[in-house]
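Engineer: I'd like to go over a predicted model; first the sequence, then the structure.
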Amino acid sequence: MIKAVAVVLAATAGVASGHAEERPTVCSLTEVAAKDAIVSMPFETVDGRIYVTARVNGKGPFRFAVDTGASGLGRADARLVAALGLTVTGSGQSSDGVATAQVDKVSLDSLELGQLVRRDLSVITRDYNGRMSKEAAFDGIIGRDFFADGLLVIDYPNRRLTFTRAAELTPSAPGVLPYQRAFRVPVTIGPVVTEGQLDTGANVAFVLPRSLFDRIGGGAITASGEGNLTNTTIKIDRATMAGPFRIGAASLANVEVRVSDRFPELLVGAHALSNFALLIDQRSSSVALCPPGRQ
C-alpha cells in the first residue's frame, strides 16, 4: 500500500517508550552526512509529524510536512494555491491505502529545501488542513521522491534533517534494512516476523490490521472511535502491546497501538520513529534506524 498523501488519524496516539539495541556502525553516517550536506536544517514536530520551511516559486518561507508515506515529489495545500495564485493544470488519483479519490493537480516552477531545488513539479492539491489543528496546519507536503537521489537523515532526537549525495547506505552492512517497496521493512513483534511501512506522516506509533493483531495474540482492545484517512474514515480500536517491536537496531516495548479491520498492512508511524535517527537511501533501496548514543 503506497499512500499518496499523509495519513491523519483523529485519535491521539500514545507515545511509545523504547530502548536501544547495540548501535550499529552505520549510524556514524548521521554525522558524516552533515559534513557534505546539501540540506542541513532544524525541524519542528507537532504530534510526531515533521515540519520544515521551504520556498515555492522563489517565494516563502512556507511550512511543509516531510512525509515518507507520500509518493511523488510533493503536495500543495489549498492555502498555498491561493497564496501563489496557482491554477489547476490537470487531475489524477490519490490513494490513502484504503480508498481512492480524484484530485486536482497544479504546477510548481520550483520547490526549494535549503540548497536542494526541484523544478517543474506537477503536484496534487487539496484542502489538507480542514481536519487539522491550527498548530498542525501546513502549506504543503514534501514526498519521498524529493530525496530520491541521495541519503536522507531524519534525526528525531536532535530535530535535524540532513540530505547529502556524498554518503550512502550499503544494503549488506550490519543494521541496514533493504526494502523492495518504499519503505517497507522487516518488523518483529514478539515472536512474529512481518513487514511494516515507515511513515513519518502518520501521528501514531503503530497501526495493525486486525488479522495481524489476532495472530500475535495482542490482548484486550478498547474502542477508539474513528480515524480520518485522507480519503475516508475508518473505525479504529486501541490496545497496549508488550512487544517488543524490533526494527533493525530499534526496539520498543509496551506500545499503544491502533487496530483496524480495514487497514491492509502494518504501519510504523511517527511516534514509533521519534526516539531514533531514520536514514533512507533510495539509491540502494535501504534504510536504517539508529538509537541515540555514542558512535
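Structural biologist: Alright, I've got the coordinates.
Engineer: in terms of helices and strands, where is the closest residue in space to Phe245 that isn't next to it in sequence?
Structural biologist: Leaving aside its sequence neighbours, Phe245 sits nearest to Leu252 (Cβ to Cβ, 6 or more residues apart in numbering; 4.6 Å). For glycine as for every other residue, the C-beta is placed from the backbone atoms N, C-alpha and C. Per DSSP states H and E: Leu252 is located in strand 250-253.
Engineer: identify the bridge partners of the residue nearest to Phe245.
Structural biologist: For Leu252, the beta-bridge assignment (DSSP bridges) gives partners Gly18, Phe245.
Engineer: Arg79 and Gly58, how far apart?
Structural biologist: Distance, Arg79 to Gly58, by Cβ to Cβ, to the nearest Å: 18 Å.
Engineer: what about the chain, any weak spots by pLDDT?
Structural biologist: Applying pLDDT under 70 to the chain picks out residues 1-22, 96, 98-99, 226-232, 234, 294-295.
Engineer: tell me the strands beside the helix or strand that comes right after the strand holding Leu252, with direction?
Structural biologist: Next in sequence after strand 250-253, counting helices and strands by DSSP H and E, comes strand 255-260. Using DSSP bridges, strand 255-260 pairs in its sheet with strand 206-209 (parallel), strand 233-241 (antiparallel).
Engineer: winner for burial among the ones you listed?
Structural biologist: strand 206-209 (a mean of 24; mean count of other Cβ atoms under 10 Å).
Engineer: so after that one, what's the next helix or strand?
Structural biologist: Strand 206-209 is succeeded, C-terminally, by helix 210-216 (DSSP H and E).
Engineer: quick one: buried residues of that next one?
Structural biologist: Within helix 210-216, the residues that count as buried by 16 or more other Cβ atoms under 10 Å are 212-213, 216.
Engineer: and which of these is nearest to Val192?
Structural biologist: Distances from Val192 to those, taken as Cβ to Cβ, are shortest for Ile216 (5.1 Å).
Engineer: how much space between Gly217 and Ala242?
Structural biologist: 10 Å.
Engineer: give me the common contacts of those two.
Structural biologist: Gly190 (Cβ atoms under 8 Å, 6 or more residues apart in numbering).
Engineer: for the top strand by length along the chain, name the packing helices and strands.
Structural biologist: Assignment by DSSP state E gives strand 100-113 as the longest strand of the chain. For strand 100-113, the elements it packs on are strand 49-56, strand 74-77, strand 88-95, strand 116-126, strand 140-142, judged by 3 or more Cβ pairs under 8 Å, 6 or more residues apart in numbering; DSSP states H and E.
Engineer: thank you, goodbye.
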